Every structure is written in structure tokens, then in C-alpha cells.
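S.K.: below are the sequence and a predicted model for it; my questions follow.
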Amino acid sequence: MTVTNKPTRAAWLQGPSGRCETVPNGQFLPWRIVLLGAPGVGKGTQADLLNQRLLACHLSTGDVFRAAATRSEGELSPAMKEALGYMRRGELVPDTTVWDLVQERGACLHCAGGFILDGFPRTAAQAVSLKQFLNKDGLGLTAVVTYELPQSEIVARLGGRRTCEKCKAVYHITERSPKVEGRCDHCEGALFQREDDRPEAIKVRLEAYDRSTAPLIEFYRKAGLLLPVSAAGTPEEIYERTVPELEVRRLTQFAEQMWAAAENRRSGL
Ligand code: AMP
């Protein structure tokens, strides 16, 4: 399965100054999805595959930080410089900085094409901010997918991961190797190992996930939004497992909304 025609996501990656070349057509029920799972379970790859199928943009906070890291020091705000320091050490960026950055990109969360959030929210405080922000405008999440995988497998996956410096396509040195070593199949860009995929950073990131992000699973379970999916196997297998579950979730939500609207009409509300 190849990922093509990826939207530029300019409004997300560049913030308020960025203009998307194409905006997805408004959908009757836009997909508003959050992807959870420890670093290395393949959330980014799944987000790209889901984007192809559901058309909602893949919004990754990690991508925003990595895009900022390619700019010159002079172009970066003090908050962004500080954030990049956290990222390089594999630590979580403070909630206030992350929320400022997401809020600046609030238009993406209102986009008629919906969204697939990857890497955000990552703490209970971020989840509460997101909920309040969406609730204000009567928007709700369709589902929160949590990808599950044993830790030993996660470490092997992350250590072998390579990313294209130009189009950000993701490869793995053994499981998803490019046709030409060190070069991207799509754009021939050079492949590199992300700073936060190095062994020292991997350990810190997994600890940060357990400490800060795992409690989110409970938060979304209680909200009735959680959709656990096994992240074992190939990206295509994981994807094929995810989509039918999402479709069922959306249909159920739709039926519930129709039912509530009918009830309100009956009771004259
Ligand atoms: P990711 O690509 O999602 O693994 O993110 C890469 C790095 O960016 C993380 O290790 C953090 O340093 C930072 N980061 C991305 N998203 C968040 C977030 N929601 N909260 C805190 N830090 C984040």
C-alpha cells in the first residue's frame, strides 16, 4: 500500500501563517480521531493510511516540532527553542507550550474534513484542554484508538526506524526497507534516524509515555471513546483491523445522535 497525494498540512505545520493548498470537502460526519499508543507502535504510519481512506488530515504535534527544528535559530520563538530542547532529550514538552501551539492551529480542529490527531493529547491536562476546546463549539471526537504492543517489540521497531528528510515517509531497516538503501522510494530524499529514535532517547520516551500518557487511556475509556487495537503485524494488517472498528463506531454514534434528536423532538425540546 503506497501513500500518495498527501495533503501539505501547511496550516498545521506552519501555524497561522500557513495556508493549505487544498482543503478536504466538508463531510456529513467528519472523522475526528485521536491515536494513542507508545512511541514506536506505528501511529504515524497508521495515521497516513487512515488519512488516505478517511481524507481527514494527519495532525502530529511531533511533526510541528520537527518542522520547526529545520528552521534557523533566528526564526524560532523562545518557547519553540525551549520546546526543541525537550524534544531532543526525548522528554515531553510542557503542556502550556504544546497547548499554545495546538490552539494557534485551532482552525485545523474545526476543519470540515475532520482530523486524525497523532501525538496529542499526551497528558491528562492536554486531553482536558482539547475536550473543552471542542465542546465549546459542539464538536465531539469520533473515537480514540489506542494501539497496543509489548515493550520489547517497540524498542526493536524504534531503533530501526528511518525517516525521509524531505517527505517524512517512514521506513524500517529490516521490516520496511527502501528499495535503495538510505534513499526514499517516493522522493529519493536521504533517510535519517530521528534524534529521538536513538537508544538513550527511546528509553526516556517510553518512560514518559507510561507516566503521562497511559492515564489518558482511562480518561477516554470512561468517556466511552476508547477503541483498543493490537499493533502486532504489518502496517496493512493493523490498518485492516482498525478501519472496520472505526466505521462501526461512527455508525453507532450517528444512530445515537439521531435517536437523541428524535427524543428531543418528541419531548418538545
Ligand atoms: P512524536 O513524533 O509524537 O513521538 O513526538 C516527538 C517529540 O515531540 C516527543 O518526544 C516530545 O518531545 C514532543 N511532543 C510531541 N507531541 C507532544 C505533546 N503532545 N506533548 C508533549 N511533548 C510532545
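M.R.: Happy to help now that I have it.
S.K.: does the ligand have contacts with stretch 122-135?
M.R.: Yes: contact of stretch 122-135 with the ligand (C-beta under 6 Å from any ligand atom) involves 122, 126. C-beta: built from backbone N, CA, C; applies to glycine.
S.K.: stretch 73-84 now?
M.R.: No: for stretch 73-84, no contact with the ligand is found by C-beta under 6 Å from any ligand atom; the gap never falls below 7.3 Å.
S.K.: now do that stretch: distance to the chain's middle.
M.R.: 22 Å (C-alpha atoms, centre = their mean, to the nearest Å).
S.K.: output that stretch as CSV, nothing but the C-alphas.
M.R.: Taking Å, rounded to 0.1, in the frame of the first residue of the first chain, the C-alpha atoms of stretch 73-84 are listed here in CSV:
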residue,chain,number,x,y,z
GLU,A,73,17.5,29.8,15.2
GLY,A,74,16.5,33.4,14.4
GLU,A,75,13.1,32.3,13.1
LEU,A,76,12.2,30.4,16.3
SER,A,77,10.3,31.9,19.3
PRO,A,78,11.9,31.4,22.7
ALA,A,79,9.1,29.0,23.6
MET,A,80,9.8,26.9,20.5
LYS,A,81,13.6,26.9,21.1
GLU,A,82,12.9,25.6,24.6
ALA,A,83,10.4,23.0,23.2
LEU,A,84,13.0,21.6,20.8
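S.K.: next, the buried residues of it.
M.R.: For stretch 73-84, a neighbour-count test (16 or more other C-beta atoms under 10 Å) marks 80, 83-84 as buried.
S.K.: so which of the residues you listed are in helices?
M.R.: 80, 83-84 (DSSP state H).
S.K.: sort out which one of these lies nearest the ligand for me.
M.R.: Proximity of these to the ligand (C-beta to the nearest ligand atom) peaks at residue 83, which lies at 7.3 Å.
S.K.: just the pLDDT for that closest one.
M.R.: Listed pLDDT for residue 83 reads 92.
S.K.: same check, this time on residue 136
M.R.: So residue 136 comes in at 94 (pLDDT).
S.K.: now residue 7
M.R.: pLDDT at residue 7 comes out at 66.
S.K.: same question, residue 41
M.R.: 90.
S.K.: now do residue 119
M.R.: Model confidence at residue 119 (pLDDT) stands at 92.
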